[in-house]
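J.: how would this look folded up:
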Amino acid sequence: MKATIKASLAEAPGGTQVCLATDLGLTGRVAQLGQGPIKELSAKLMGQFADCLAARLEEPATRPADAGRPGDTTPPAPPVEPVEPINLLDASPVPTKVLAGVAAVAVAVVVGILLGRAGRRSGGR
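T.: Sure thing, here's the model as predicted:
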């Protein structure tokens, strides 16, 4: 597997627009899935990730030095809502572990990019 991911960030009303362009070369058993299931899985994972990240970024920022002080009225973070599980067994001739590995690598790269950007954004306040 070989992947090149390019992210571009642009100011948008109320936030930042993130555009991702991915060039992913798959070989072997993973390539047997075809483009359809891989695109579908990628879109679903990115949607779930974007929703979760947006919810996290909307939470009020707290500084660790302020944590636990008397009179601290910062409410606890809301519980994370469960997401619909992805059933790959119905559509995939490739073992689920292989596909999960590919998805995990793609999501990890995107998470790193976006969290790095979020850290820079919140650091400038």
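J.: in this protein, which spans are strands?
T.: 2-12, 15-25 (DSSP state E).
J.: tilt between the first one and strand 15-25?
T.: Meaning strand 2-12. Going by axes from the mean of the first three to the mean of the last three CA atoms, to 10 degrees, strand 2-12 is angled at 160 degrees with respect to strand 15-25.
J.: Each with direction, which strands does strand 2-12 pair with?
T.: strand 15-25 (antiparallel) (DSSP bridges).
J.: thinking again about what came up before, the strands of the chain into TSV, with extra columns for mean pLDDT and distance to E59?
T.: Where C-beta positions appear, they are placed from N, C-alpha and C, glycine not excepted. What follows is the strands of the chain, written out as TSV (pLDDT from 0 to 100; distance: least, CB to CB, whole Å):
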stretch	mean pLDDT	distance to E59
strand 2-12	83	20
strand 15-25	80	14
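J.: could those strands go into JSON lines alongside mean neighbour count?
T.: Below are these laid out as JSON lines (neighbours: other CB atoms under 10 Å):
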{"stretch": "strand 2-12", "mean neighbour count": "11"}
{"stretch": "strand 15-25", "mean neighbour count": "12"}
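J.: of these, which approaches K44 most closely?
T.: strand 15-25 (14.7 Å; CB to CB).
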